[in-house]
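# make a model of this:
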Amino acid sequence: MTKDLKITLSELDTPVKILFTGYLTTVAIGYLFALIQILFTHGMADGKFGLSIDDIVYSYYGNRSGTVLEKKLNGSMKDKATEQENFTLMQWIRDGAEEKEFTNLKPQKIIEAKCQMCHNEGASGIPDFTKFENIKELAKQDEGATFSSLTRVSHIHLFGISFIFMFVGLIFSFSTTASSKYKSIAIGMPYAFLIIDILSWWLTKLSPMFASLIIVAGAGMGASFAFMWIVSMKEMWFINNPWFCEPGSPCQRSIKVITGFCLNSLAFIGRFIRSEFFPKLFAMIKNGFDWLYKKFS
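As a prediction, this is how the structure comes out:
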């Protein structure tokens, strides 16, 4: 009986390694830009740079003490106009956002000069500020993301990110650093966290008590991606490869220490998810549905 042959990353031909490395490098850069984009959108929801629970709540549940325009003027759009111009617009909003005051006073001129260069009829995905009714709609109470936008973004993320992790997981599956058990956990983690992340958007839209789930799920996806990326790159280019590290050299020993740390971290994350995270998640979801039942019954 012959033993099944197994392909490992370290034994791949150089062209295949370059193919896999190119893909992993490109998606890593894309992941980095996605994080930066989050900092400049959701991360400015409370008017302060950096992602916080308040940012998550304002983005999905809304800042019920103010309007959408006020949130933008205090957040991601704050630097698009002067402090005095922002104050003038917010004063107009708080006075009722009437069309007469809009056309007779300064708000219209400010929006024409500072906003309509982007917010016009030719823009895609953002409101057209050449029409007063669109501005008026945003001058209402801020209720966060709409169900329509959540539906659109949810299916895009589920399709797109799952494909990214499918190929990253496929490359990682040829690794030998981790046992089959740990590889299965690492490959399955991003899908579990992706579903939790999308679900938590909808739950946070209904109640701000679920906002922390979004941060936890995002961190879980990032950790699993980083682990698979590091292990895959290490095995393709650093194991038994004299270009970088001679066998038995300090370089090889350092790589073993880093790999051991990653495996111990993955084991810790797995235990935490099983014993702490999922019980708390299920309890939070149960409390959320109890809250929804009481609210709508």
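# what's the closest non-adjacent residue to residue 39?
By the measure of CB to CB, 6 or more residues apart in numbering, the closest residue to residue 39 outside its immediate chain neighbours is residue 51, 6.4 Å from it. All C-beta atoms are positioned from the backbone trio N, CA, C, and that covers glycine.
# in a helix, that neighbour, correct?
No. With DSSP: H, G, I helix; E, B strand; the rest coil as the criterion, residue 51 is located in coil rather than a helix.
# so what's it up against?
Neighbour list for residue 51: 38, 39, 42, 43, 215 [criterion: CB atoms under 8 Å, 6 or more residues apart in numbering].
# in which helix or strand does residue 55 reside?
When elements are assigned from DSSP states H and E, residue 55 belongs to helix 53-60.
# helices of the stretch 151-297 of the chain, start to end?
Counting by DSSP state H, counting those that start in this stretch, the stretch 151-297 of the chain has these helices, from start to end: 180-206, 211-237, 250-272, 278-296.
# which of these comes out lowest on mean pLDDT?
Set side by side, the helices of the stretch 151-297 of the chain differ in mean pLDDT, and helix 250-272 is lowest with a mean of 65.
# quick check: the farthest pair among the contacts of residue 51?
Within those, 39 and 215 form the most distant pair, 13.0 Å apart (CB to CB).
# which one of those two is surrounded by more residues?
Set side by side, residue 39 and residue 215 give different neighbour counts by other CB atoms under 10 Å, the larger being at residue 215 (16 against 13).
# my guess is that one contacts residue 54. True?
No. In terms of CB atoms under 8 Å, residue 215 does not count as a neighbour of residue 54; the distance is 11.6 Å.
# give me the phi and psi for residue 117.
Reported as degrees, to the nearest 10, the phi and psi values for residue 117 are phi -60, psi -30.
# that one and residue 52, how far apart?
Distance of residue 117 to residue 52, given as CB to CB, to the nearest Å: 30 Å.
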